[in-house]
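> Structure of the sequence below:
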Amino acid sequence: MSAHGTAQPMTAHKSGPLKGTAAVPGDKSISHRALIFGAMAIGETRITGLLEGQDVLDTAKAMQAFGATVTHHSPGAWSVQGVGVGGFREPADVIDCGNSGTGVRLIMGTMATTPITATFTGDASLRKRPMGRVTDPLSLFGTQAYGRNGGRLPMTVVGAANPVPVRYALPVASAQVKSAILLAGLNAPGQTVVIEKEPTRDHSERMLLGFGAALSVEKTSEGNVITLTGQPELRPQSVAVPRDPSSAAFPVCAALIVEGSDILVPGVSQNLTRNGLYLTLVEMGADIEFQNPRTEGGEPVADLRVRFSGDMKGIEVPAERAPSMIDEYPILSVVASFATGTTVMRGVKELRVKESDRIDAMARGLEACGMRVEEDQDTLTVHGLGAGGMPGGATAKTHIDHRIAMSFLIAGMAAKKPVSIDDASPIVTSFPIFEGLMTGLGAVLSHGIE
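As a prediction, this is how the structure comes out:
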């Protein structure tokens, strides 16, 4: 049973060449942040290109519950009338963040230094995910959190009445944790400092600067030292959300493995903290052209021309690349199945605490599809069978995880036999137009299990 209602099985069949333009939705990470920063500014922030997936819509509802006015004008076009830093009111009801780990952790950080109390919950998948990695550093500000065993939702967070600034070295590479601390630091006096040994996606830093916060990033022997001066007045902005590189990964990878494909994916973010998958694919021999590079909404973007690449080779993906592609390992493991030789993905233990244990989910599903896979706590290894080599003919369990669901549907488009998934309903959380977009390119999808 899906956490989103009745399970929706789906099957992907071997497809002919994918052709056309794949206009993927707006970036999920930036969409969350645009709503949250807009709610913390004084005045009206206007947003275009917002991802209207369930995860982001849940964040929009949460901002309204905390007192901001959030208005939907037309597809992708929204406005937020903010209440200022420290201006959140206490919500009247439980905040349901659905499937979104990003949403709940960033929102906890945002309210952590305001003297209000809020209770958070989510779907079955989100209620399994650890929140201590955020609530532990937030407690240094004076915030209190009370949750289930293991620091899990439902959880009540009591904001600090007299917050103090914090200096915190991230124990794991996590943009969610970094962002939660910076958001909490906005309403603390003095300077809050976050030290990250490995760089993670920097959307929060870019957006903080755009909204008028005093923030600096210094590269040191410790890593990136990010210093934020608290209690600014944030200025409303016009935010143009670039297209999501994590969503773009699915049509891009489908085109690489479906024979004869040639597609264009326009306006995809090329932020250096998010482009690890694309570097990896090029190293494997993928035919990807990065056309018309430009800047939109403060983010570098490019149009991607992608063609079938039947001669890709397995490679070793370095552990230090993991933070820049952590959400893309599931689909990379599918591409690795259609490459020749072995692909070793190191430094991926963070995948075990995502919407599902993604290492285990991909390993079991790929094995069911006839692939040889090895794993340990921090590594996933796939022994590729070359173009068209995956046997397929299996049903993969998605574990209420949108990226697992989409990855196995992409696999079925190039496997010898159809690949089914037990539940496609989680896809709506991040990529609500996935089915229509892929069938528009020529993919063959059907509802039910075959």
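> make it CA atoms for all contacts and neighbour counts henceforth
Will do.
> Not including adjacent chain positions, what is the nearest residue to L50?
Closest residue to L50 apart from its sequence neighbours, by C-alpha to C-alpha, 6 or more residues apart in numbering: G76 at 4.6 Å.
> quick one, what contacts that neighbour?
If a contact means C-alpha atoms under 8 Å, 6 or more residues apart in numbering, then G76 has I47, T48, G49, L50, L51, E52 as its contacts.
> The last one falls within a strand, correct?
No: per DSSP: H, G, I helix; E, B strand; the rest coil, E52 lies outside any strand segment and is coil.
> Could you find the closest non-adjacent residue to it?
Nearest to E52 is G76, by C-alpha to C-alpha, 6+ apart, at 6.7 Å.
> again with P154
That would be T121: by C-alpha to C-alpha, 6+ apart, it lies 4.5 Å from P154.
> And the one you found, its phi and psi?
phi -140, psi -170 (degrees, to the nearest 10).
> Next one: it, what pLDDT does it get?
At T121, the pLDDT value in this model is 98.
> Give me the contacts around stretch 310-322.
198, 256-257, 259, 276, 280, 283-286, 336, 338-348, 383-384, 386-387.
> could you flag which of those residues are buried?
198, 256-257, 259, 276, 280, 284-286, 336, 338-348, 383-384, 386-387 (16 or more other C-alpha atoms under 10 Å).
> From those residues, which land in helices?
Of the buried ones among the contacts of stretch 310-322, the ones assigned to helices by DSSP state H are L256, I257, G276, T280, M284, A336.
> Nearest residue to G82 in space, please, no chain neighbours.
Nearest one to G82, counting by C-alpha to C-alpha, 6+ apart, is A39 at 3.9 Å.
> ok, that neighbour touching G87?
No: A39 lies out of contact with G87 (C-alpha atoms under 8 Å); the separation is 9.0 Å.
> between the two, which one's more packed in?
A39 (32 against 19; other C-alpha atoms under 10 Å).
> That one: what's it in contact with?
M63, A68, T69, V80, Q81, G82, V83, G84.
> Any stretches of the chain with poor pLDDT?
1-5, 297 (pLDDT under 70).
> care to break it down by domain?
10-26+242-447, 28-229 (automatic domain parsing).
> could these be laid out in a markdown table, adding distance to P236?
Converted to a markdown table, those look like this (distance: least, C-alpha to C-alpha, whole Å):
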| stretch | distance to P236 |
| --- | --- |
| domain 10-26+242-447 | 14 |
| domain 28-229 | 5 |
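> Out of the ones you listed, flag the one nearest R235.
Across the domains of the chain, R235 has its closest neighbour in domain 28-229 (5.1 Å, C-alpha to C-alpha).
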